[in-house]
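Peer 1: missing the sequence, but the structure's below:
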């Protein structure tokens, strides 16, 4: 029986010897590699926080003391030591463990939002609540150097520092990376801290020598104080934190558990806000991850645990975008690219390699990315801002007021739109087509296949007086669906029989809509399927088509409230079109993690379920009955 087999909760860690804790750390790394190699998941970040997590749970009393991880993808070790090791066989699968903290799984989890730079705000609020309620509890927030590039983290630091008795321990898990190497001034600052950790030796030497000089009294003290501050900033500028009023401890080797534990214990005893700066290595202890230059196995798919080789993958939507950006970059010298700490995940690495001077990684700062893009557009360039669809939510005000209001030609490319699945509720890109509908002048494209992605991206970057958006889902694109005709700017994909049903298939749901049409035609129902290509604004041709059919059905992989179908219905109402309309989309709820296909089936966005619903609606129309609610 190994040490890991004896761990059922954090309290079991406190009776272990140093040798047993070292053995436990090794067993945890072996466990992570073995389990994640089968399911995929965030391996590199968790290999880097094994000793840190053990130290946290030995110093703090979870769940009485609250541990907040930013982001939660570095919480696998936390899950293991809080009694959830058995659940890793179904990590990120339906009915299995979430890839992030989950309140439904354990009392030890409190914050499950996997958007970065939020932990310090949660910690600030928790500490305030504990103080008001008179509860003797601490909060420890683990935030990476990548998440510290987000402005929200600094807003929180400003507030935490305002209360010197607030019991918040901020652990800066500094591995020099988010997905890829952390960039920007903060990254350079932390690098200086990492490379000059022993400045106190120099300060002590200066102090001893100056104190040996007689007769200069207070002047020496004042000069020493100023010199110490200057040398501190020059040799190890933690003054950045201390000037905010935050006690600073570190930097510390994050893989030396005993040292981390000692620092955390000191910080806890201080009973005020303290930053503990630990240096870790992403992928630590697993050679293939440490040697993986792109992202240290940040989030690999299934792989061979012995060799580290990932299972073969076909081309995905992101690859199509990556190649087309390079092509457009050669044609358009004014084209520039921006991303928020996701160069490889969104496919801009090829453009960056070809055009490094025209590529900008701004860190985890989507708001800044959008407004900086507006500035680039004002300066005569055309920026392409590439982020995951779920992360554009964070920059909505900037898209509205900084880009659209100023009629800036900026193209936003939203990867992982619609149902993404594995990473849970916070990563599904199901909000963008709803929130962007309210932005005046914005044009939004949803390509159905790889060819249309190339076409629509090319059209988007031609727009110089308004923001454009191109969104596509996770995974491999379906085969190209060639149109059988055109209606305005829409592609007609199916035109069969009488004009019974008009199906408006948005983006990746166009292929599903064609499948639905095949099922309906087999039952003698006439169908027209159109892909709008540009879903905002609504193409006037859709109004004309709706008038000609007996039923209009919209299908989209976006939240059903305020989405493309809702806007189409509103448009038809304003045009006094009386054809009944049925909307199909993602229910407005937070979806539990599972594979994309499993979720689509669960929420009724499969060809079989949609066809059955449409047949029922057509039958009701034939009988002169009202349409029943969709179950």
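Peer 2: Looks like it came in fine. All of these numbers come straight from a predicted model, not from anything done at the bench.
Peer 1: the strands in the stretch 351-500 of the chain, which residues?
Peer 2: 359-361, 382-388, 411-417, 443-445, 468-473, 485-487, 490-496 (DSSP state E, counting those that start in this stretch).
Peer 1: Let me have those in CSV, adding distance to residue 23 as columns.
Peer 2: Yep, even glycine has a C-beta here, placed from its N, CA and C like the rest. Converted to CSV, the strands of the stretch 351-500 of the chain look like this (distance: least, C-beta to C-beta, whole Å):
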stretch, distance to residue 23
strand 359-361, 39
strand 382-388, 39
strand 411-417, 39
strand 443-445, 55
strand 468-473, 44
strand 485-487, 68
strand 490-496, 60
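Peer 1: What residues of stretch 455-468 count as buried?
Peer 2: By 16 or more other C-beta atoms under 10 Å, the buried positions in stretch 455-468 come out as 456, 457, 459, 460, 461, 463, 466, 467, 468.
Peer 1: And the pLDDT at the last one?
Peer 2: The reference is to residue 468. Looking at residue 468, its pLDDT reads 98.
Peer 1: Distance check, it against residue 154.
Peer 2: Separation of residue 468 from residue 154 (C-beta to C-beta, to the nearest Å): 31 Å.
Peer 1: Switch the buried residues of stretch 455-468 over to a markdown table; also include distance to residue 392.
Peer 2: Below are these laid out as a markdown table (distance: C-beta to C-beta, whole Å):
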| residue | distance to residue 392 |
| --- | --- |
| 456 | 17 |
| 457 | 16 |
| 459 | 20 |
| 460 | 15 |
| 461 | 18 |
| 463 | 18 |
| 466 | 16 |
| 467 | 11 |
| 468 | 13 |
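Peer 1: Need the three-state assignment for the nearest residue to residue 506 once chain neighbours are set aside.
Peer 2: Nearest non-adjacent residue to residue 506, counting by C-beta to C-beta, 6 or more residues apart in numbering: residue 556, 3.9 Å away. Three-state call for residue 556 (DSSP: H, G, I helix; E, B strand; the rest coil): strand.
Peer 1: ok, residue 501 touching residue 520?
Peer 2: Yes. At 6.4 Å, residue 501 counts as touching residue 520 under the criterion of C-beta atoms under 8 Å.
Peer 1: Ramachandran angles for residue 167?
Peer 2: When read as degrees, to the nearest 10, the backbone of residue 167 gives phi -90, psi 80.
Peer 1: And for residue 141?
Peer 2: phi -110, psi 130.
Peer 1: Which residue ranges of the stretch 101-250 of the chain form helices?
Peer 2: In the stretch 101-250 of the chain, the helices defined using DSSP state H, counting those that start in this stretch lie at 119-132, 151-160, 185-195, 199-211, 217-235, 239-242.
Peer 1: can you pull the contacts of residue 446?
Peer 2: 417, 433, 470-472, 506-508, 532-533, 535, 556, 564 (C-beta atoms under 8 Å, 6 or more residues apart in numbering).
Peer 1: With respect to residue 303, which of those is nearest?
Peer 2: The closest of the contacts of residue 446 to residue 303 turns out to be residue 472 (C-beta to C-beta; 25.1 Å).
Peer 1: Now do the end-to-end distance for stretch 520-536.
Peer 2: 28 Å (C-alpha to C-alpha, to the nearest Å).
Peer 1: So that it lines up with my notes, have the first residue be 20 from now on.
Peer 2: Understood, numbering begins at 20; the last thing we discussed is stretch 539-555.
Peer 1: Now do stretch 528-535, average pLDDT.
Peer 2: Per-residue scores along stretch 528-535 average to 97.
Peer 1: Please report the distance of residue 397 from residue 482.
Peer 2: For residue 397, the distance to residue 482 - C-beta to C-beta - is 15 Å.
Peer 1: correction: residue 70
Peer 2: Taken as C-beta to C-beta, the span from residue 70 to residue 482 is 51 Å.
Peer 1: before we move on, what about residue 585?
Peer 2: Taking C-beta to C-beta as the measure, residue 585 falls 24 Å from residue 482.
Peer 1: now the stretch 170-319 of the chain, which segments are flagged as low pLDDT?
Peer 2: 195-259, 262, 313 (pLDDT under 70).
Peer 1: From the opening residue of stretch 124-143 to its closing one, how far?
Peer 2: Span of stretch 124-143 from end to end, C-alpha to C-alpha: 24 Å.
Peer 1: Tell me the buried residues in it?
Peer 2: Those would be 124-125, 127-143, for stretch 124-143 by 16+ other C-beta under 10 Å.
Peer 1: got it, and stretch 318-337?
Peer 2: 318, 319, 322, 324, 327, 329, 335, 336, 337.
Peer 1: hang on, the third one packs against residue 311?
Peer 2: No. Taking contacts as C-beta under 8 Å, residue 322 lies outside contact range of residue 311: 10.4 Å.
Peer 1: ranges for the helices of the stretch 420-569 of the chain?
Peer 2: Under DSSP H, counting those that start in this stretch, the stretch 420-569 of the chain gives helices at 451-454, 469-479, 528-541, 559-567.
Peer 1: Quick one, which of those helices gets closest to residue 153.
Peer 2: Closest among the helices of the stretch 420-569 of the chain, using C-beta to C-beta: helix 451-454, at 40.6 Å.
Peer 1: biggest helix in the chain by residues?
Peer 2: Secondary structure of the chain per DSSP state H: the longest helix is helix 37-58.
Peer 1: ok, residues contacting whichever helix or strand comes after it?
Peer 2: Per DSSP states H and E, the first helix or strand lying C-terminal to helix 37-58 is helix 62-66. Outside helix 62-66, the residues that touch it by C-beta under 8 Å, 6+ apart are 48, 51-52, 55, 92-96, 163, 301-305, 308, 311, 314-319.
Peer 1: can you check stretch 509-519 too?
Peer 2: By C-beta under 8 Å, 6+ apart, stretch 509-519 touches 467, 471, 500, 502-505, 522, 524, 529, 532-533, 536, 539-540, 543-552, 558, 560-561, 567-570, 637.
Peer 1: now residue 107, what's its secondary structure?
Peer 2: helix.
Peer 1: so what pLDDT did it get?
Peer 2: 89.
Peer 1: Just list the residues touching the residue lying closest to it once chain neighbours are set aside, thanks.
Peer 2: Computed as C-beta to C-beta, 6+ apart, the closest residue to residue 107 that is not its neighbour in sequence is residue 54, at 4.2 Å. For residue 54, the contact set (C-beta under 8 Å, 6+ apart) comprises 107, 108, 110.
Peer 1: Neighbour count and distance to residue 288 added to those residues, as TSV?
Peer 2: Shown next, in TSV, are those (neighbours: other C-beta atoms under 10 Å; distance: C-beta to C-beta, whole Å):
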residue	neighbour count	distance to residue 288
107	21	35
108	12	40
110	23	36
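Peer 1: sorry, back to before: compute the distance between the residue nearest to residue 525 and residue 465, please.
Peer 2: 8 Å.
Peer 1: okay, and the common contacts of the two?
Peer 2: With C-beta under 8 Å, 6+ apart, residue 575 and residue 465 have common neighbours 452, 525, 526, 554, 583.
Peer 1: Show the buried residues in these.
Peer 2: Here, 16+ other C-beta under 10 Å leaves 452, 525, 526, 554, 583 buried among these.
Peer 1: Out of those, which sit inside strands?
Peer 2: The strands, defined by DSSP state E, take in residue 554 from these.
Peer 1: So which of the buried ones among the shared contacts of residue 575 and residue 465 is the closest to residue 347?
Peer 2: Closest to residue 347, out of all of these and judged by C-beta to C-beta, is residue 526, at 20.5 Å.
Peer 1: Quickly note the distance from the closest one to residue 486.
Peer 2: 18 Å.
Peer 1: so who does the most centrally placed residue in the chain touch?
Peer 2: The chain has residue 134 as the residue nearest its centroid, 5.3 Å off, counting by C-alpha atoms, centre = their mean. Residues near residue 134 by C-beta under 8 Å, 6+ apart: 90, 409, 410, 413, 445.
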